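J.: here is the input, now give the coordinates:
(one chain, ligands or ions: 2)
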Amino acid sequence: MSSAKSHFDQPRLNELFDDLNATLKDFIRSHQVTYKEFHQALAFLGEVGEKGETPLLFDVFLESTVDLVNNSERGGTATAVEGPFYLPGMPELKSPCVVPHRANEPGDVLFFSGTVRATDGKALPGAMVDFWQADAEGAYSHFNIPQEKAPFNLRARVKADDHGRFEIQTWVPSSYEIPKGGPTGALLKALGRHAWRPAHLHALVQHPGCEDLMTQIFLQGDQWIDSDVVGAVKESLVAGMQKHEDAAEISKRGLKGPFYTLEFDFVLPRGMQKAA
Ligand code: DHB
Ligand code: FE
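T.: Ligands and ions are numbered 1, 2, ... in the order given. Sure thing, here's the model as predicted:
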């Protein structure tokens, strides 16, 4: 573990710690927190650590607010939280491409395509789109599916073409229920809240000279779109899929049944180039 010292300068640490501590003391006073409740909170946090759910707990209840305060002034496509399921080292593919998938990948085929541009409207050839999602059964590869069964399933780093266009063949994701078996799920249940996120596609879009874009595209019509447990939905990130049932179109794509398309352009603010 790196020490707190390497992440905070001391005045900032004092400012944040003192206010957090004062806020919690106010909270204890104003709600007349009992010894029993105090010990329940301690036991809960202990279990969160023990079960490895610290990232999940923070992502569910706090990350969307961190995203809002850090990105309110930004231009281009709206940002959304990274969540806990990004994986480095994904296979690099060139657009157009098919993401890694299983022989009998469940659900319907989806062609996700668009253009990556800068806020001045210029296309960004060679932009990198890191792409990941849950499958049609709501499972993320490597997290909900053992890695050796489906390496990098429905994940890829996709390089946009010379016109900044990308086209990714994938499979329509389903809504995602966050793990219910641990303390985070138990807390949601005790609160009487559901644990669902609307179906979404994750993307981290990068181009030299532009600011990185971390975002999610949400599928219009999903039943959880207005009650995301993580609170990360932004209206401009909700997009509708088109269904294609025409036999000629289906065979032209080399498919066996109806498929969907989703078109979404990513717009990146011009800015400082990130160190590699
Ligand atoms: C969270 C984010 C996700 O994208 C997801 O699929 C599950 C959970 C989160 O922020 O907790
Ligand atoms: Fe997700």
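
J.: tell me how far the residue lying closest to D135 once chain neighbours are set aside lies from ligand 1.
T.: Excluding the flanking residues, the one nearest D135 by C-beta to C-beta, 6 or more residues apart in numbering is L154, at 5.8 Å. Quick note: C-beta positions are derived from backbone N, CA and C, even for glycine. Applying C-beta to the nearest ligand atom, to the nearest Å, the value for L154 to ligand 1 is 12 Å.

J.: next one: L154 from A136, what distance?
T.: 9 Å (C-beta to C-beta, to the nearest Å).

J.: neighbour-wise, which of these two wins?
T.: Comparing L154 with A136 by other C-beta atoms under 10 Å, the one with more neighbours is L154, at 25 against 17.

J.: and the residue of the protein that's closest to ligand 1?
T.: Residue nearest to ligand 1 within the chain: G83 (2.5 Å; C-beta to the nearest ligand atom).

J.: burial count for D67?
T.: Neighbour number of D67 under other C-beta under 10 Å is 20.

J.: kindly report the same for I145.
T.: Neighbours around I145, by other C-beta under 10 Å: 18.

J.: nearest residue to it other than its sequence neighbours?
T.: Closest to I145 by C-beta to C-beta, 6+ apart is A139, at 5.2 Å.

J.: so the one you found touches P146, yeah?
T.: No. Checked against C-beta atoms under 8 Å, the pair A139 and P146 is beyond contact range at 10.5 Å.

J.: identify the contacts common to these two.
T.: Common contacts of A139 and P146, defined by C-beta atoms under 8 Å, 6 or more residues apart in numbering, are absent altogether.

J.: does the residue of the chain closest to ligand 1 belong to a helix or a strand, and which?
T.: Assigned by DSSP states H and E, G83 falls within no helix or strand.

J.: could I get the phi/psi values of it?
T.: Dihedral pair for G83: phi 70, psi 180, per degrees, to the nearest 10.

J.: that one: neighbour count?
T.: Applying other C-beta under 10 Å, we find 23 residues neighbouring G83.

J.: helices of the stretch 51-200 of the chain, start to end?
T.: Per DSSP state H, counting those that start in this stretch, the stretch 51-200 of the chain carries helices over the ranges 54-58, 64-71, 183-191.

J.: any chance of those in TSV, with distance to ligand 1 too?
T.: Putting the helices of the stretch 51-200 of the chain into TSV (distance: least, C-beta to the nearest ligand atom, whole Å) gives the following:
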stretch	distance to ligand 1
helix 54-58	6
helix 64-71	7
helix 183-191	9
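
J.: make JSON lines out of those helices and add mean pLDDT.
T.: Putting the helices of the stretch 51-200 of the chain into JSON lines (pLDDT from 0 to 100) gives the following:
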{"stretch": "helix 54-58", "mean pLDDT": "92"}
{"stretch": "helix 64-71", "mean pLDDT": "94"}
{"stretch": "helix 183-191", "mean pLDDT": "96"}
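
J.: so what's I225 up against?
T.: 198, 218, 233, 238.

J.: likewise S95?
T.: Contacts for S95 (C-beta under 8 Å, 6+ apart) come out as 129, 158-161, 165-168.

J.: do the same with G231
T.: By C-beta under 8 Å, 6+ apart, G231 lies in contact with S64.

J.: could you check how far it is from V81?
T.: According to C-beta to C-beta, G231 and V81 sit 9 Å apart.

J.: what do these two both touch?
T.: Residues touching both G231 and V81 (C-beta under 8 Å, 6+ apart) are S64.

J.: shared neighbours of L154 and A136, which are they?
T.: Joint contacts of L154 and A136 (C-beta under 8 Å, 6+ apart) are 105, 171, 173.

J.: how about the residues you listed in CSV, adding neighbour count?
T.: What follows is these, written out as CSV (neighbours: other C-beta atoms under 10 Å):
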residue, neighbour count
E105, 17
W171, 22
P173, 26
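
J.: what about those residues, which are in strands?
T.: Judged by DSSP state E, the subset of these located in strands is W171.

J.: for the shared contacts of L154 and A136, could you give me TSV that also reports distance to E37 and pLDDT?
T.: Formatted as TSV, the shared contacts of L154 and A136 follow (distance: C-beta to C-beta, whole Å; pLDDT from 0 to 100):
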residue	distance to E37	pLDDT
E105	47	95
W171	45	98
P173	39	98
